[in-house]
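Peer 1: Curious how this folds, go ahead:
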Amino acid sequence: MAELADDLVISAEFLRRAASALVLAPVILAVAWIGGPAFVILVLAAAVLMSYEWDRLTGGTGTGPGAIAIAVVACLAIILCGYGHMVNALLALALGALVSGAILWRGRGSPAWAGLGLAYITLPCLAVVWLRLDAEQGRAWLLWLFAVVWATDIGAYVIGRAIGGPKLAPRISPGKTWSGLAGGIGAAALVGGAMAGLLFGDREQSGAGFWQLAGGPRLAALAALTAIAAQVGDLAESGLKRRRGVKDSGALIPGHGGLLDRVDGLVVGAPFVAAVVMTSGGV
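Peer 2: Okay, here's the model as predicted:
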């Protein structure tokens, strides 16, 4: 009976997750496809919600000085990035961290948690906005990134549940397994490679080593690395939630918890992909 109850709980959880994804994914993809101010506004809204959840996860009320400082600095940096001023956005992030840290040091907030929260929230937001700015490949990169991170989540969940086995990091996230990690990497590689021709076309790129590979194998390899980055982000948030003794960062999304629970893979995956694109010049 206990095993049957567990199976029913797992099935109900999976159905809630699937239903939420079916509602949210088309909206997110549509706004990402449109780009421009609509996408920047979406990211701004996400940054404010993430600031609220981060403050609550780190011992605040969600509306205290720490949350306000993070939200204001993050939004300023995102707006600057949206206008194409990435360097100024990073400078605003650094300056904002110093100013907000000094203010919180004299108040009741935690400057250390606020500083970490600023980086945790702002960097992935800047990464997705910067990726979308590229007129030629921005839309393709953003859709590819979303597909790879979602494939990682699905592959890790399905394979981890089906196979189980040794735990990946039992002290941080007891539910995650090495088989789930492998499933996430495999699913990401398959999806990332398969979408190469669909989004970018068949292209060859000059260079050496990795960047001399054809589009499909190159993006499959990049997707596998992105999946590892996404899993690092997942574990980081799991560690924070375990420290606070909570299951979810919030209750915004049925089956997923809060927004931070939904975007934990993008927190590390998006800056990683943006850095690769920035240093390589694209596909």
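Peer 1: from here on, contacts and neighbour counts on C-alpha atoms
Peer 2: Fine.
Peer 1: For this protein, which segments count as strands?
Peer 2: For the chain, the strands defined by DSSP state E occupy 167-169, 173-177.
Peer 1: Deepest-packed of these, please.
Peer 2: strand 173-177 (a mean of 18; mean count of other Cα atoms under 10 Å).
Peer 1: what pLDDT does Gly207 get?
Peer 2: Listed pLDDT for Gly207 reads 44.
Peer 1: and if you look at the one 10 residues further on?
Peer 2: Here, the pLDDT recorded for Pro217 equals 87.
Peer 1: I'd say it and Gly193 touch.
Peer 2: Yes: counting by Cα atoms under 8 Å, Gly193 is a contact partner of Pro217 at 6.0 Å.
Peer 1: So those two - more neighbours on which side?
Peer 2: Neighbours around Pro217 and Gly193, counted as other Cα atoms under 10 Å, are more numerous at Gly193. The numbers are 23 against 17.
Peer 1: okay, now Gly216: neighbour count?
Peer 2: Look at Gly216: counted by other Cα under 10 Å, it has 23 neighbours.
Peer 1: Report the separation between the nearest residue to it once chain neighbours are set aside and Gly215.
Peer 2: Using Cα to Cα, 6 or more residues apart in numbering and skipping residues adjacent in sequence, the residue nearest Gly216 is Gly193, 4.6 Å away. Per Cα to Cα, to the nearest Å, Gly193 is found 8 Å from Gly215.
Peer 1: Please name the nearest non-neighbouring residue to Ala69.
Peer 2: The spatially closest residue to Ala69, leaving aside those adjacent along the chain, is Ser100, at 5.9 Å (Cα to Cα, 6+ apart).
Peer 1: Sorry, wrong one. I was asking about Val43.
Peer 2: Closest residue to Val43 apart from its sequence neighbours, by Cα to Cα, 6+ apart: Cys125 at 6.3 Å.
Peer 1: Am I right that that neighbour is in contact with Val48?
Peer 2: No: using Cα under 8 Å, Cys125 is not in contact with Val48, being 11.0 Å away.
Peer 1: List the residues that contact Trp141.
Peer 2: When contacts are counted by Cα atoms under 8 Å, 6 or more residues apart in numbering, Trp141 touches Leu131, Arg132.
Peer 1: I'd like the distance between it and Gln231.
Peer 2: For Trp141, the distance to Gln231 - Cα to Cα - is 20 Å.
Peer 1: What are the boundaries of the helices in the stretch 101-250 of the chain?
Peer 2: 111-133, 138-163, 178-200, 215-244 (DSSP state H, counting those that start in this stretch).
Peer 1: Out of the ones you listed, flag the one nearest Gly250.
Peer 2: Among those, the nearest to Gly250 by Cα to Cα is helix 215-244 (10.5 Å).
Peer 1: List the buried residues in that closest one.
Peer 2: 215-242 (16 or more other Cα atoms under 10 Å).
Peer 1: how close does the closest residue to Leu29 other than its chain neighbours get to Leu240?
Peer 2: With sequence-adjacent residues excluded and distances taken as Cα to Cα, 6+ apart, Leu29 is closest to Leu143, at 7.3 Å. Per Cα to Cα, Leu143 is found 28 Å from Leu240.
Peer 1: hmm, back to that, neighbour count winner among Cys125 and Val48?
Peer 2: Cys125 (25 against 19).
Peer 1: Under the pLDDT cut-off, which ranges of the stretch 1-150 of the chain? List them.
Peer 2: The model of the stretch 1-150 of the chain has pLDDT under 70 over residues 1-21, 103-111.
Peer 1: Mind doing that once more with 50?
Peer 2: Counting by pLDDT under 50, the stretch 1-150 of the chain shows low-confidence ranges at 1-9.
Peer 1: if we can go back for a sec, so how far is Val267 from the residue nearest to Ala69?
Peer 2: Ser100 is 21 Å from Val267, where distance means Cα to Cα.
Peer 1: got it, and Leu57?
Peer 2: In terms of Cα to Cα, Leu57 sits 16 Å off from Val267.
Peer 1: These two: who's more crowded?
Peer 2: Val267 (26 against 23).
Peer 1: Pretty sure that one sits against Leu126.
Peer 2: No: taking contacts as Cα under 8 Å, Val267 lies outside contact range of Leu126: 10.5 Å.
Peer 1: Quick check: neighbours shared by those two?
Peer 2: Shared contacts of Val267 and Leu126 (Cα under 8 Å, 6+ apart): none.
Peer 1: What is the end-to-end distance of stretch 250-269?
Peer 2: End-to-end for stretch 250-269, by Cα to Cα: 21 Å.
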